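Structure, please.
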Amino acid sequence: IRYQVNRLKLRKNSLVYYLNFHPESLRALRLVYQTNTFRLYAFDTAAVALGTPYSPFFDPGLFPQNPDSPYFDGSSVEKVREKVKRALGLYNVAAQALRRGDYTKAISLLRKVLMLVPDFEKSYYYLGIAYEKLGDPEQAMENYRLAREKDPLLYQAVVSESGLLFRAGKLREAVNLLLEYIGRTPYIDDYYLSLGGILLRAGRKSYLLETVDKLLSENNDIPPAYFYSASLLEQAGYRDRAVDLMEVAVNLDPENPVYRRELGRLYDLTGRRDRALEELRKSLELDPYQPQVKAVLKRLL
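Numbering: from 1, shown residues only. All right, here's what the predicted structure looks like:
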């Protein structure tokens, strides 16, 4: 298992802290070797139950290497460096093949990359794209699943998998997948946009309302949950409810010019001119570079 760190502030009870400073205290993990770029651990799956996968980026600036440490073994540095170089070269060629539409070649190269360095970069995600383009949704979904499990922050894999599930007639599975990841990382716009697109295309208004209620009950203090729910309800024809939710979004994040602009627009559409003027002016104060808001204000005045 490769753990990397990207300038994170570490808590002293976090797994990555122990991995980097006290690996001997982790019974289920054994440090095999480390280099100036990453550390490799052997993992005993029978020794501990896995929780949420965690793969921070290793930053040598945060964790200077100490050759005198009993946990440092420099004998494999050159070997590992060469494997990573080869994997990176193949990975770049695979990405080019993917852009050209040579999906079979991309799959072959990405498989070789994963044999050299497991979980390398976005290899599983790119495999998913290639299989999807070749008309193999099952393999595509499997690779998207692996991609998001290996890197929970790779939102593109979640969005792609949910789209495939929906097109396969698995509406609830697609929606539940997006709701799960919104619960984990609620500030990724693409999750909400994908969820809204799926619900609108499904054309089931009762299920749309049910999903919005579930989303808000599980994320009742998250401004984007209200903002995107309001936008979705407006598109579905529930304009008054959309206004109510947009008001909550503004109350949760009053310094957001986009939220205020959209609330002003909804007030305008529902005939509340004075309130529309108030919100649009506040939006313009927060972000003066909004020509569309200036045009609406000019019309309302």
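
Surely Arg148 is in contact with Val159?
No - counting by Cβ atoms under 8 Å, Arg148 stays clear of Val159, with 9.6 Å between them. In short, each C-beta sits where N, CA and C put it, glycine included.

quick one: which of those two has more around it?
Legend: neighbour count by other Cβ atoms under 10 Å for Arg148 and Val159, higher for Arg148 (25 against 22).

would Leu40 count as being in a strand?
Yes - per DSSP: H, G, I helix; E, B strand; the rest coil, Leu40 lies within a strand segment.

And the pLDDT for the residue positioned nearest the centre of the chain?
Nearest residue to the geometric centre of the chain (Cα atoms, centre = their mean): Tyr155, 2.8 Å. Tyr155 is assigned a pLDDT of 93 by the prediction.

Same question for Arg167.
96.

roughly how far apart are it and Arg201?
10 Å (Cβ to Cβ, to the nearest Å).

And Thr270, by the same measure?
On the measure of Cβ to Cβ, Thr270 and Arg201 end up 26 Å apart.

quick one, which of the two is more surrounded?
Neighbours around Thr270 and Arg201, counted as other Cβ under 10 Å, are more numerous at Thr270. The numbers are 14 against 11.

wait, the more buried one sits on Ala242?
No - counting by Cβ under 8 Å, Thr270 does not reach Ala242; the two are 9.2 Å apart.

neighbours of the nearest residue to Pro137 once chain neighbours are set aside, just the number please.
Excluding the flanking residues, the one nearest Pro137 by Cβ to Cβ, 6 or more residues apart in numbering is Leu164, at 5.3 Å. As a burial measure, Leu164 scores 19 neighbours (other Cβ under 10 Å).

begin at 782 from here
Sure, I'll start counting at 782 from here, so that last one is Leu945.

Residues in contact with the helix or strand Leu945 falls within: which ones?
For Leu945, the element it lies in under DSSP states H and E is helix 936-948. Residues outside helix 936-948 that contact it (Cβ atoms under 8 Å, 6 or more residues apart in numbering): 905-906, 909-910, 913, 918, 921-922, 925-926, 928-929, 932, 952, 954-956, 958-959, 962, 966, 969, 971-972, 975-976, 979, 982-983.

Narrow the residues you listed to those that are buried.
Neighbour-count burial (16 or more other Cβ atoms under 10 Å) applied to the contacts of helix 936-948 gives 905-906, 909-910, 913, 918, 921-922, 925-926, 928-929, 932, 952, 955-956, 958-959, 962, 969, 972, 975-976, 979, 983.

among these, which are in strands?
Within the buried ones among the contacts of helix 936-948, no residue falls in strands by DSSP state E.

Could you point out the helix or strand that follows the strand or helix carrying Glu1028?
Assigned by DSSP H and E, Glu1028 belongs to helix 1020-1033. Following helix 1020-1033 in sequence order, the next helix or strand is helix 1038-1050 (DSSP H and E).

if we look at that following helix, which residues are touching it?
1004, 1008, 1011-1012, 1015, 1020, 1023-1024, 1027-1028, 1030-1031, 1034-1035, 1054, 1056-1061, 1063-1065, 1067-1068, 1071, 1074, 1077, 1081.

where does the protein dip in pLDDT?
The model of the chain has pLDDT under 70 over residues 782-820, 822-859.

In space, what's closest to Val1029 - neighbours in sequence excluded?
Counting by Cβ to Cβ, 6+ apart, Val1029 lies nearest to Tyr1007, which is 4.6 Å off, once chain neighbours are set aside.

name the element that neighbour belongs to?
helix 1004-1016.

Just the angle for that helix relative to helix 1038-1050, thanks.
Relative orientation of helix 1004-1016 and helix 1038-1050, computed by axes from the mean of the first three to the mean of the last three Cα atoms, to 10 degrees: 30 degrees.

Identify each buried residue in helix 1004-1016, please.
For helix 1004-1016, by 16+ other Cβ under 10 Å, it's 1004-1015.

quick check, nearest of those to Asp900?
Pro1005 (29.3 Å; Cβ to Cβ).

Where is the longest helix in this protein?
helix 858-881 (DSSP state H).

Name the residues of that one that are buried.
Result for helix 858-881 [16+ other Cβ under 10 Å]: buried residues 861, 865, 868, 871-872, 874-876, 878-879.

Stretch 1058-1067 now?
Result for stretch 1058-1067 [16+ other Cβ under 10 Å]: buried residues 1058, 1060-1061, 1063-1065, 1067.
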